[in-house]
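Participant: I'd like to go over a predicted model; first the sequence, then the structure.
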Amino acid sequence: MTPTNKPTTLPKLPKDGLRVVPLGGLGEIGRNMTVLEHRGKLLVIDCGVLFPEEHQPGVDVILPDFTWIRDRLDKIAAIVLTHGHEDHIGGVPYLLKERPDIPVYGSKLTLAFVQAKVQEHRLKPDLIEVKAGERITLGDFECEFVAVNHSIPDGLAIAVRTTAGLLLHTGDFKMDQFPLDNRITDLRSFARLGEEGVDLFLVDSTNAEVPGFTTSERELTSAIETVFRTSPKRIIVSSFASHVHRIQQVLDAAHASGRKVAFVGRSMVRNMGIARDLGYLLVPDGLIVDIKALEKLPANRITLVCTGSQGEPMAALARMANRDHMIRVDDGDTVLLASSLIPGNENAIYRLINGLARLGANVVHSGNAKVHVSGHASAGELVYCYNIVEPANVMPVHGEWRHLHANGALAERTGVPHDRVVLAEDGAVVDLVNGRAKIVGQVPAKHIYVDGQTVGGVTEESLQDRRTLAQEGAITVVVIADLRTGRLAENPDFIIHGFVHDAAEFNAVVPAIETALANLVGTGKRISPSQAEEAIKRTVSRWVNKKYRRGPMIIPVVIEE
Ligand SMILES: [Zn+2]
């Protein structure tokens, strides 16, 4: 079945069937969320956010669409989390606001990051820690947690047993054989689950197009050390505020080269504090200093660690590049971007690199040095997994269409039949019944925009308005008229914002406005102000389109005489 975005009526789920509905993360990178339904109960796996792109101005984050579960929130047995990245936990507070007592399960570090987040939203959910290897029963779902290696410590894959069969969800993972914390992906458990019979395997697709195996984190150590050995002045490192292992490498290199380190930015300071307190980040005594103390040291003893490696305009690094931050990047400083380039952020990142280079900084990034590796399994690792698990049905998750497609093709190469590979997108309803997984319908999966304190108030239409304002400008037309006769009391005022033509030229459209209002009165009734505004908007738009070939936003204001 070709997926469509239109919600459909769903068939009844048989008693021994399992319904799997991805509400985010399929067809996009971010806002990962999968809902399982079995015997009237729901289990939520992850609830993340998606970060907006340039064509979504003013949006803070994008949430999964909770419409499908909103009237059954009381049926949610639990939220189980695979790991602590924003695109897996960022939506949790928003779901908890709809029902605050949903229990949340996750590993120690994941829950510590969730705790910091829910505190900001003044929520006090029940957070229950689970460990790799543990099995728990949540209603009719029996969950087993399996250690996986990823670009954040403490990641878990989740196996779910129901009477419909065994589902295995990898979460985000890779198969680094020499990770810094020596916690490898537990393939022995994957094999054991495979022996038991995995009926539906949900697999991370992010790097399915990348051939071979993802390089080990350890192989970056020498390139990072080289940066620290050879940089003459300050080193400013930018990474994700959750990449504990990469920051560990930076701390070790800084320590070895006799530098001191300060963390910059709220999320970086907070997360590294959490990681240190819980023992995930090992910090040599005296290495971390306050930013004020750091400034007194000579430049070649200074390391700053901040966020903003994706060019996010409000993050510390972009503000430094724009000279809008207390830290001034100087000639000869080195900036190390220790993170990947997330699709969609290319323009922002290159703008950032150019901005820093203009200030005289030497920018080291994964394009010119081996300072970053991905956190996701490449094609070689995925094939390995398919061969170990030998799943009956496969559903690629986490990725744009090209990634999902490539992942599905890998599954087929290992012998999974074509009709057992489910290529689904957000909102697709996949039923596992009698050992077969099939798409049976579609539920709403719109982008839900968060803008400051409002959730869902910004719609596709308001974003279109914002784009129009940005690209075309706006013209406010103030009309004072008698709404019984349609006659103008005086010449309308045209107020122009970001549109290049002179307001006086707009006098030419006044006769057309008069005609439009006169036509409305034709029926003999009094015109309502909104009718008048609609007519003025249409008339002026048409005239501007014809005369200037532009489409600015027309804002009519009608004042009754
Ligand atoms: Zn992740």
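Facilitator: Okay, I see it. Computed from a predicted model, the values in this text were never measured in an experiment.
Participant: shaky segments in the protein?
Facilitator: Applying pLDDT under 70 to the chain flags residues 1-5, 522-524.
Participant: can you rerun that using 80?
Facilitator: Counting by pLDDT under 80, the chain shows low-confidence ranges at 1-5, 54, 313-314, 341-344, 500-501, 522-525.
Participant: Where is the longest helix in it?
Facilitator: helix 529-548 (DSSP state H).
Participant: quick one: strands adjacent to the following helix or strand past it?
Facilitator: Counting by DSSP states H and E, the next helix or strand C-terminal to helix 529-548 is strand 553-560. Using DSSP bridges, strand 553-560 pairs in its sheet with strand 474-481 (parallel).
Participant: Quick check: buried residues in the strand it pairs with?
Facilitator: For strand 474-481, burial by neighbour count (16 or more other C-beta atoms under 10 Å) applies to 474-475, 477, 479, 481. (C-beta placed from N, C-alpha, C; glycine too.)
Participant: Get me the contact residues on this protein for the ion.
Facilitator: Within the chain, the positions adjacent to the ion are 85, 172 by C-beta under 5 Å from the ion.
Participant: where does residue 36 fall, helix, sheet strand or coil?
Facilitator: Put simply, residue 36 is strand when judged by DSSP: H, G, I helix; E, B strand; the rest coil.
Participant: Tell me what it is bridged to.
Facilitator: Residues in beta-bridge contact with residue 36 (DSSP bridges): residue 20, residue 43.
Participant: so what's it up against?
Facilitator: 18-21, 42-45, 141, 160, 162, 167 (C-beta atoms under 8 Å, 6 or more residues apart in numbering).
Participant: swap in residue 457?
Facilitator: For residue 457, the contact set (C-beta under 8 Å, 6+ apart) comprises 449, 451.
Participant: Assumed it was part of a helix.
Facilitator: No. Per three-state DSSP, residue 457 lies outside any helix segment and is coil.
Participant: From residue 94, how far off is it?
Facilitator: 13 Å (C-beta to C-beta, to the nearest Å).
Participant: nearest residue to residue 366 other than its sequence neighbours?
Facilitator: Spatially, and ignoring its direct neighbours in sequence, residue 366 is nearest to residue 372 (4.1 Å; C-beta to C-beta, 6 or more residues apart in numbering).
Participant: right, I mislabeled it, should have said residue 73
Facilitator: Nearest residue to residue 73 in three dimensions, chain neighbours excluded: residue 99, at 4.1 Å (C-beta to C-beta, 6+ apart).
Participant: which one among the contacts of residue 36 gets closest to the ion?
Facilitator: Within the contacts of residue 36, proximity to the ion (C-beta to the ion) peaks at residue 45, which comes in at 13.3 Å.
Participant: Looks like the closest one contacts residue 157 (just checking).
Facilitator: No. Using C-beta atoms under 8 Å, residue 45 makes no contact with residue 157, being 10.3 Å away.
Participant: Now do the shared contacts for the two.
Facilitator: Contact criterion C-beta under 8 Å, 6+ apart; residues shared by residue 45 and residue 157: 82, 169.
Participant: beta partners for the nearest residue in space to residue 365 that is not next to it in sequence?
Facilitator: Spatial nearest neighbour of residue 365, chain neighbours left out: residue 337 (4.0 Å); criterion: C-beta to C-beta, 6+ apart. For residue 337, the beta-bridge partners are residue 238 (DSSP bridges).
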